[in-house]
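Trainee: no sequence for this one, just the structure:
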């Protein structure tokens with residue numbers, strides 16, 4: 001059993017229809033048929049959406065995504081129509097609500113990997129492949145790959161795992177032309193972002209994107225290149241052969257699996273609330289990632 005420890009009740013806003021509650025985002029539709037995407041301060045780990053929020057997280061994710069959309073605009077269009085607060089929306093949506101195009105979403109998580117870790121490492125250790133792609137011998141946790149690879153996954157519901165699939169399976173599901181466009185766009189965006197991050201002393205190990213269509217136009221959607229959707233490592237601490245320190249929710253994962261939390265990950269019991277020091281340390285990591293990548297000060 002997993003999912004929300006405490007599923008929130010969506011806020012009712014005049015002129016907006018609530019469509020969906022995700023792990024982090026609330027999705028609404030306005031009277032024009034556009035989507036309004038609101039990033040909350042919720043955080044998830046081990047397929048649970050935790051009962052404790054991380055202050056400013058929703059704004060960091062939104063503002064960082066907007067910054068990245070600007071860096072990528074010449075490669076692929078994105079779904080953002082406006083950053084203005086919808087009429088009647090609460091003031092605390094400021095900075096974390098986006099009005100977006102309504103897309104025909106592709107049901108695939110488009111993952112790019114430039115370094116070997118996570119589920120890719122687990123598969124490699126068994127088969128020397130990732131999503132069916134053969135890789136050289138001798139790679140270890142944190143190894144840079146000879147070239148970035150496209151390793152798609154199925155999109156899972158809240159509380160479920162995404163599952164890695166082969167490129168051939170994606171082509172079977174969405175068609176060969178769409179699969180080829182997804183792979184090309186994913187690797188192009190990853191390569192641009194990897195180079196930008198590298199200039200700022202950060203390794204972009206892997207990341208995932210979501211795409212949709214307006215007519216025949218492929219559009220980059222959802223969040224992009226945030227600590228929730230990407231593995232960012234400090235370049236000066238990168239050392240293949242071990243787990244890397246990262247700009248993400250590692251403080252949360254480490255505490256949940258520690259004796260201090262008292263939580264058994266293999267049980268069906270929901271995880272406990274996070275202590276203040278873990279909340280503060282996690283918030284600081286999200287803010288640091290924003291500041292190092294953008295060069296801007298978080299206020």
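Mentor: Cool, the structure landed. Because the structure is a prediction, the values reported are computed rather than measured. Numbers count the residues shown, from 1 in each chain.

Trainee: Quick check: buried residues in stretch 170-189?
Mentor: Neighbour-count burial for stretch 170-189 flags 170-171, 174, 178-179, 181-183, 185-187, 189 (criterion: 16 or more other CB atoms under 10 Å). Glycine gets a C-beta too; all of them are placed from N, C-alpha and C.

Trainee: Closest to residue 70 out of those residues?
Mentor: Minimum distance to residue 70 across those is 12.9 Å, recorded for residue 189 (CB to CB).

Trainee: hang on, the closest one packs against residue 74?
Mentor: No. Assessed by CB atoms under 8 Å, residue 189 is found out of contact with residue 74, at 10.9 Å.

Trainee: which residues of the stretch 1-150 of the chain score low on pLDDT?
Mentor: 1-2 (pLDDT under 70).

Trainee: just the helices in it please.
Mentor: 57-72, 118-127 (DSSP state H, counting those that start in this stretch).

Trainee: Those: which one's closest to residue 228?
Mentor: When these are compared (using CB to CB), the closest one is helix 57-72, at 6.1 Å.

Trainee: can you put the buried residues of stretch 170-189 in TSV and add pLDDT and secondary structure?
Mentor: Formatted as TSV, the buried residues of stretch 170-189 follow (pLDDT from 0 to 100; DSSP: H, G, I helix; E, B strand; the rest coil):
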residue	pLDDT	secondary structure
170	94	helix
171	96	helix
174	95	helix
178	97	helix
179	97	helix
181	98	helix
182	98	helix
183	98	helix
185	98	helix
186	98	helix
187	98	helix
189	98	helix
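
Trainee: quick one: the residue nearest the centre of the chain and residue 183, what's the gap?
Mentor: Closest residue to the average C-alpha location of the chain: residue 229 at 1.7 Å, with CA atoms, centre = their mean. As judged by CB to CB, to the nearest Å, residue 229 and residue 183 stand 18 Å apart.

Trainee: And for residue 226?
Mentor: 22 Å.

Trainee: And residue 287, by the same measure?
Mentor: 33 Å.

Trainee: Residue 295 too?
Mentor: Distance from residue 295 to residue 183, by CB to CB: 31 Å.

Trainee: Any buried residues in stretch 27-43, and which?
Mentor: 27-30, 34-43.

Trainee: cool, stretch 59-79 as well?
Mentor: Buried residues in stretch 59-79, counted by 16+ other CB under 10 Å: 59-69, 71-72, 76, 78-79.

Trainee: Stretch 243-253 too?
Mentor: 244, 246-252.

Trainee: Those residues into CSV, with extra columns for pLDDT?
Mentor: Shown next, in CSV, are those (pLDDT from 0 to 100):
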residue, pLDDT
244, 93
246, 90
247, 89
248, 83
249, 85
250, 82
251, 85
252, 92
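
Trainee: Might you specify the subset of those located within helices?
Mentor: For the buried residues of stretch 243-253, membership in helices holds for 250-252, with DSSP state H as the criterion.

Trainee: any idea which of those is closest to residue 136?
Mentor: Set against residue 136, the nearest of these by CB to CB is residue 250 (27.8 Å).

Trainee: ok, that closest one - contacts?
Mentor: residue 285 (CB atoms under 8 Å, 6 or more residues apart in numbering).

Trainee: Which residue ranges of the stretch 51-200 of the chain form strands?
Mentor: 80-82, 97-100, 104-105, 108-115, 129-130, 133-134, 144-150, 153-154, 163-164 (DSSP state E, counting those that start in this stretch).
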